[in-house]
Each structure stands twice: as C-alpha cells, then as structure tokens.
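Q: Fold the following, please.
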Amino acid sequence: MLYALNKNTTTTSILQAALNDLEVIIGFRIQSHFNGKYVDLRNWIAENLGKDFLSKRILNCLPQVEAVEEWIILMLALAPHLRSDFFETIIARHLPDGGNFPEFGGVKGSNHRGLLPTGETARFIIGGSDMHERLAVHSYFGEAHFFNRLGILWLEPVKEGEPEMSGRMILDNEWVDKILFGKASAPRFGLDFPAHKITTAMNWDDAVLHPQTAAQIDDIKTWLRYNNKIFEDNNLKRKVKPGYRVLFYGQSGTGKTMTASLLGKDIRRDVYRIDLSQIVSKYIGETEKNLESVFKKAESKSWILFFDEADALFGKRTQVQSSHDRYANQEVSYLLQRIEDYPGLLILASNFKNNLDDAFVRRFHAIIHFPVPQPAERLLLWQKAMASSLSPSGDVNLSMLAHQYELTGAGILNAMHFAALSCFAKGVSVISNTDILGGIRKELIKEEKNL
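A: Just a heads-up that it's a prediction; the model follows:
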C-alpha cells in the first residue's frame, strides 16, 4: 500500500485518486489565476477536499511529508511517470483555444513528449501570484530540506543567467520505483552512474587476515555500528566530522575487495566499486562531474564507496609545467574536498601506499596493510579452499604446499578451482597432489615464476 487509506483500496485506485485530487488543485489554481482572485490554498483544500486531506495521502515510504505543499510537489514530479498527457489535458480544458501560458512553467524532454513540471510549476500551483507564498516554495528545493538530503527530488541545473526555478523537477528513479512498487531498484551502471554494486557469498570465517589487519578491520566495524551515537552527544557532534576514510594497501589478491564486501554484508549496507575507466576523462571538468553523480546518490543512502586501484585517481600532484598539470592538480583538490565531505565509509585500495598523494594519506582515519600471507595463514587458506565434494588423496600435503609456494589468498583459491575442475572433468571424486600442482603451476605462470 502506498497511502495510509483503508486496506481494501488497491494501489492503482489510490494513485488514480491522488491524480484526481492533484488535477482538482491545479484546476482551482488556474481558474483563480484567470479570475484574478486570491484564495489561500491550504484553506481551500481543507474546505473542498477535507481537513484530513494530507493525513489520508501521506506516502508510507515518505513519513517525513508534513505539509500539503510537499505532497503537491511530489505528485507534480510523479504525475508524468503515470500519465504522459496529464498537464496538457488540464491546460487544454482551461485554454480550449490554446495560447501561451508561461506562468505555468514546464519544459519538454528529449524523449518524453508531454510537459515536464519545473520549479516554476510548483511555485504557480502553490503560491499563485502571492509573492510571499511563491518565495516560500524555494525552501522545498533547498539543501536543508529532506527532498535534497535524501536524494528524493531536486531541480535540474539551468544555463547561467536563467531563473533557477525554471529547472525541471527530477524525481529520483529509485524513489519512483519505491513509491509505485514498494521497493527501490538498484541504480543502473552507465555514464551517469559509473559504479558497480559488489557482493560476496563468503563470510568472515572464510577470510584469513593478518592479526593486525583483522584488529584494524574490527575498528571499522565499531565505527559502522556505533558512529551514530557520536552525533547524539551534544559535545562530540560539534567537533567530529561525519564519515570514515580508510586506505587498504597490499599486493593484489590479499583480500582488499573481499573485506570491503564483507563489511557491507556485515551491517547490510550496499558496497559500490567505482569504475575508474568510466570516471577518469581527458576532458577538463568531466572527471569531477562523473564522480559527483556517484557521491550525490551515495550520500543519502549510507553506501560504502570502494575505489579500487585508487592511485589512478588519487595519485601524487605534479609540479605545474603546463595547463594540463594545473587542471590535474585542481582535480586532486576537488577529490580531497569531496572525500572529506562524504558522511559514510569510503575505502581506497592500492597496491602501494606511496603512490597516493600525501594530502590524501593525512586524511585517512586508518591505513591498513594487507600483507602476503605467511605459511601458517596459507595453510588455513588451503584448508578453507578445499572442495567439500572431493576427498584429498594420501599424497596431498597442504602444510608442505603452504610452506613451499608463496601464493596470495586469491592465488590459492584459483589453484584449487583449477584442480577441482580437473577432477570433475576426469569424473573422479578424489583430488590428488598432481591436480593441485597443476593449479599452482598456472598461478605461478601468471606471475612469471617457475614451479
């Protein structure tokens, strides 16, 4: 159910009733505009649509809605998603001979053939010609309002010199799905959102981390679980900035991405890995623009952001010898400010700590090394990687393999994966030392090493 009405009302009838009410409100405003009469909108709604109008129309997924104006703005933005000709039909009814109606606002989209509402549309419907009421509408699109803070609804930026309220009202697609279908869809990867959601089927029991690394990961868990209490403290909340920034560094395959995924799984938060191939651009200002789309969407959803191979984006600044160097350094300065402002957990991963700009390193709450596993840790990894459907033959000595071959956790898993496939292909249920050595050989060849 989308609205707090009775349980027998269907979703479609509720939406239709909401559109009907919005149509009546818009019709009233247009008629009063042409008649040159001022009528207080709140009082008119209470008298004509009922004093309990708002309480019966609050979206269950948006309990923050407390004002009729907020409901009107939401429905204005939602209407084109339900009926493409919604606004044109109403205007045609009051202007049967056609004609220009700039007071109503609205723009045409590139694909959508109907009218799309703008901030001017909301200002006209809510405030009419009353200057005080019209100016009050601006606050609903401000940074402090929950529409903006939760990334629900905002105004599209306009060209320099044009009125800000002429920007198109944009209702976030995830919230459209949440309102219409009761659940939000995951953002789609693309140029507008260059990030992939990463998950893992593994658990913390599958992870084999160096004791010092594990202790530092526990600190992150503590922050994720109890950070909100800091901002309930009257003293600390004034002095502590939100957000937690961490650097994971170490050789590939040592568990950096897996750990980030497990942190998200542990507290049921989505983890998004930023695709640097889509982020970094040779064109001035494009990298910042691409990153901003991710940060803006992530800020209202408490996502964990994971920048793999971060030195490609957060590398050391260079001496300015050309305009390109100057803009590259401006890009780093933007990133410094943006990661410091991010209120959630932000993880940068790199093979080498020294590749990152010192200014970034100083802003980390923790710098966590993921070392290559030692023999005792490699033995645990071999034991955890063993296929449960295969029995080891008598010649398999995992302790010897752990001491003799310096593989990372990912390398051990890959070797066992190959060995298991070899057994399945041969139709046997016993895995031999030869099978495992074949997997190890393939891993060492990738690293240009001999068995």
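Q: Mind naming the longest helix for this protein?
A: helix 11-35 (DSSP state H).
Q: now for that helix, which elements pack on it?
A: Applying 3 or more C-beta pairs under 8 Å, 6 or more residues apart in numbering; DSSP states H and E, we find helix 11-35 packed against helix 41-49, helix 68-82, helix 86-94, helix 119-127. Backbone N, C-alpha and C define where each C-beta goes, glycine included.
Q: out of the ones you listed, nearest to residue 243?
A: helix 68-82 (28.4 Å; C-beta to C-beta).
Q: And for that closest one, what's in contact with it?
A: Residues outside helix 68-82 that contact it (C-beta atoms under 8 Å, 6 or more residues apart in numbering): 15, 18-19, 22, 25, 41-42, 45, 53-54, 57-59, 62, 65, 86-87, 112, 114-117, 121-122, 125-126, 136-137, 140, 147, 153, 169-171, 176, 179-180.
Q: redo that, cut-off 6 Å
A: Taking contacts as C-beta atoms under 6 Å, 6 or more residues apart in numbering, the residues outside helix 68-82 that touch it are 22, 42, 45, 54, 57, 65, 86, 114, 116-117, 122, 126, 140, 153, 169, 171, 176.
Q: Quick check: residue 169 is in a strand.
A: Yes - secondary structure of residue 169 (DSSP: H, G, I helix; E, B strand; the rest coil): part of a strand.
Q: elements contacting the helix or strand harbouring residue 292?
A: Residue 292 is located in helix 286-299, with elements delineated by DSSP states H and E. Using 3 or more C-beta pairs under 6 Å, 6 or more residues apart in numbering; DSSP states H and E, the elements in contact with helix 286-299 are helix 323-341.
Q: picking up where we left off before, so which of the helices and strands packed on helix 11-35 is the most packed in?
A: Stretch with highest mean neighbour count among those: helix 119-127 (a mean of 24; mean count of other C-beta atoms under 10 Å).
Q: That one to helix 68-82, inter-axis angle?
A: 130 degrees (axes from the mean of the first three to the mean of the last three C-alpha atoms, to 10 degrees).
Q: Not counting its own residues, what contacts helix 119-127?
A: Looking at what lies outside helix 119-127 - C-beta under 6 Å, 6+ apart - the contacts are 26, 29, 69, 73, 76, 103-106, 133-134, 137, 155, 165-167.
Q: same deal with stretch 399-417?
A: 253-255, 372, 375, 378-379, 381-382, 385, 439-440, 443.
Q: Counting neighbours, which bits of that stretch end up buried?
A: Using 16 or more other C-beta atoms under 10 Å as the test for burial, stretch 399-417 gives 401-402, 405, 407-416.
Q: Can you lay out these as CSV showing pLDDT and secondary structure?
A: Converted to CSV, the buried residues of stretch 399-417 look like this (pLDDT from 0 to 100; DSSP: H, G, I helix; E, B strand; the rest coil):
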residue, pLDDT, secondary structure
401, 93, helix
402, 93, helix
405, 92, coil
407, 92, coil
408, 93, coil
409, 93, helix
410, 92, helix
411, 93, helix
412, 94, helix
413, 94, helix
414, 94, helix
415, 94, helix
416, 94, helix
